[in-house]
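>>> pasting the sequence and the predicted model now:
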Amino acid sequence: MRLIYFLLRDFFIISGLGLLILLIMEDLQPGFVSFWWPMEYLLIPVMVSGFLALITSKFSLVHSQESKKMIN
Amino acid sequence: MKIFLTIYRITLIIAFLLFFSWLAYKNTVVSGQLYLEKNFCEQTDFISDLYPENRIGGVEQGESGECFQRIFVEPAYFRVKIPRTFALVKLKIIYDNPDQNILQLGLMKKRINPLDWEFKIKPIENKIFDTLDWFKLSESDIILWQKQKKFETIYEYVNNLPIDQKTATFYYQFSTEAVEDSTKVVSWNIETPLEYVDYIITQYTPPKRIDEHWQEQVIEFLVGQEYISDHYLEFMISAPGLTERRYEIKIKNITVELNRPQTDWSAFLSDLKNYLIRKFSKLTS
């Protein structure tokens, strides 16, 4: 579960930063993205990965706390 | 796991960089040519449907499965979205025009004031000329009709304009040196009686007939910044008298070919620098 969390978290951060850069480009040059690729195709994966990362972060935290208890 | 995550992050960053590069490549139009097509059966983000709504019909499907829009009231318009500036636009229009004598295509100049309404207009079809039975001389896109055959070439005619006979021009401009008597040259319009003129000269190519209903015409415009508004070109289809005579025109297909000089990589850095300077100065102003 921790691995899934990290995968989702990294996907969210990197794709989120990428989306931010593309939104800035779209603002400076309208159509830079939207002429060729619907923005929803970028926005939805970012939002979904962020949401899933949030959910899995709780499980990941519980799992890491239990692991620490076992070690102690 | 650390190594796996590192590889995963690098893969994501590379994927984003590749996507960004692809977008930059598409927007730059490296080859210098961009082809857009609208067949009315499918929506395209690049070429709009005809508008305004009160002048045109909805998208219909014919018996053979082709889709089209009708124009009942003229003029009608459509827009072409473009990612950057182009030097030349070539439009191919497939249409059905059973009755209307004159059909024209216009490219709108960028509106600086709300009341600006300027077009560069070119003929799509002129049924009166297409059915004229005068002597016809055709050289590239220039046609000369002679009521009585006197000249063998258009060059001969233009350099020896008859001073005792009248010439009508249709989308054609004589040089000032060629015209000795300006009263002998008139600009043709649909009200000009053909008995009144002896020669007609035009920069016009008749449309090509595809089948019983549909015809095809290709028209070129030189474009520049003065014709581009917010990344689109706006075109007008004009048919004088269409509304009063209750005729209609069907438009089936619009193909747009946009041309600009091929991207010169040696000048790319200086173009990028100028582009960034323009954008940042726009932001700060």
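Alright, I've got the coordinates. Numbers count the residues shown, from 1 in each chain, chains lettered A, B, ... in the order given.

>>> which residues are in contact with the closest residue to residue B:132 other than its chain neighbours?
Counting by CB to CB, 6 or more residues apart in numbering or on different chains, residue B:132 lies nearest to residue B:145, which is 5.6 Å off, once chain neighbours are set aside. For glycine as for every other residue, the C-beta is placed from the backbone atoms N, C-alpha and C. Neighbour list for residue B:145: B:129, B:132, B:134-137, B:199-201 [criterion: CB atoms under 8 Å, 6 or more residues apart in numbering or on different chains].

>>> what's the closest of these to residue B:248?
residue B:129 (21.7 Å; CB to CB).

>>> tally of neighbours for the closest one?
21 (other CB atoms under 10 Å in any protein chain shown).

>>> enumerate the residues of the stretch 101-250 of chain B near chain A.
B:230-231 (CB under 8 Å from any CB of the partner chain).

>>> make sure residue A:26 is indeed in a helix.
Yes. According to DSSP: H, G, I helix; E, B strand; the rest coil, residue A:26 belongs to a helix.

>>> that one contacts residue A:33, doesn't it?
Yes. With contact defined as CB atoms under 8 Å, residue A:26 reaches residue A:33; the gap is 4.9 Å.

>>> more crowded one of these two?
The residue with more neighbours, out of residue A:26 and residue A:33, is residue A:33; 22 against 16, by other CB under 10 Å.

>>> now do the more buried one, the pLDDT please.
Note on residue A:33: pLDDT of 86.

>>> what about the residue nearest to residue A:10 when sequence neighbours are not counted, how many neighbours?
Closest residue to residue A:10 apart from its sequence neighbours, by CB to CB, 6+ apart: residue B:9 at 5.3 Å. By other CB under 10 Å, 16 other residues sit near residue B:9.

>>> doesn't residue B:9 fall inside a helix?
Yes. The assignment for residue B:9 (three-state DSSP) places it in a helix.

>>> secondary structure class for residue B:123?
Reduced to three states by three-state DSSP, residue B:123 is strand.

>>> for the stretch 1-150 of chain B, which segments count as helices?
With helices called from DSSP state H, counting those that start in this stretch, the stretch 1-150 of chain B shows them at B:2-28, B:127-130.

>>> mean pLDDT added to these, as JSON lines?
Converted to JSON lines, the helices of the stretch 1-150 of chain B look like this (pLDDT from 0 to 100):
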{"stretch": "helix B:2-28", "mean pLDDT": "89"}
{"stretch": "helix B:127-130", "mean pLDDT": "92"}
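
>>> which of those sits most buried?
The highest mean neighbour count among the helices of the stretch 1-150 of chain B, using mean count of other CB atoms under 10 Å in any protein chain shown, belongs to helix B:127-130: a mean of 16.

>>> need the residues of chain A near chain B, please.
Counting by CB under 8 Å from any CB, chain A sits next to chain B at A:3, A:6-7, A:10-11, A:14-15, A:18, A:21-22, A:25, A:28-37.

>>> filter these down to just the ones in strands.
Counted as lying in strands by DSSP state E, out of those, is not a single one.

>>> quick check: PyMOL command selecting the buried ones in the residues you listed.
Restricted to buried positions by 16 or more other CB atoms under 10 Å in any protein chain shown, the PyMOL selection for the residues of chain A next to chain B reads:
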select buried, chain A and resi 6+7+10+11+14+15+18+22+25+29+31+32+33+35
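
>>> which ones are touching the residue nearest the centre of chain A?
When CA atoms, centre = their mean is applied to chain A, the residue found nearest the centroid is residue A:12 (1.2 Å). By CB under 8 Å, 6+ apart, residue A:12 lies in contact with A:46, A:49-50, A:53.

>>> next: residue B:171.
B:121-123, B:202-204.

>>> against residue B:40, how distant is it?
Between residue B:171 and residue B:40 the distance is 28 Å, computed by CB to CB, to the nearest Å.

>>> same check on residue B:76?
13 Å.

>>> repeat for residue B:261
Residue B:261 is 32 Å from residue B:40, by CB to CB.

>>> lovely, talk soon.
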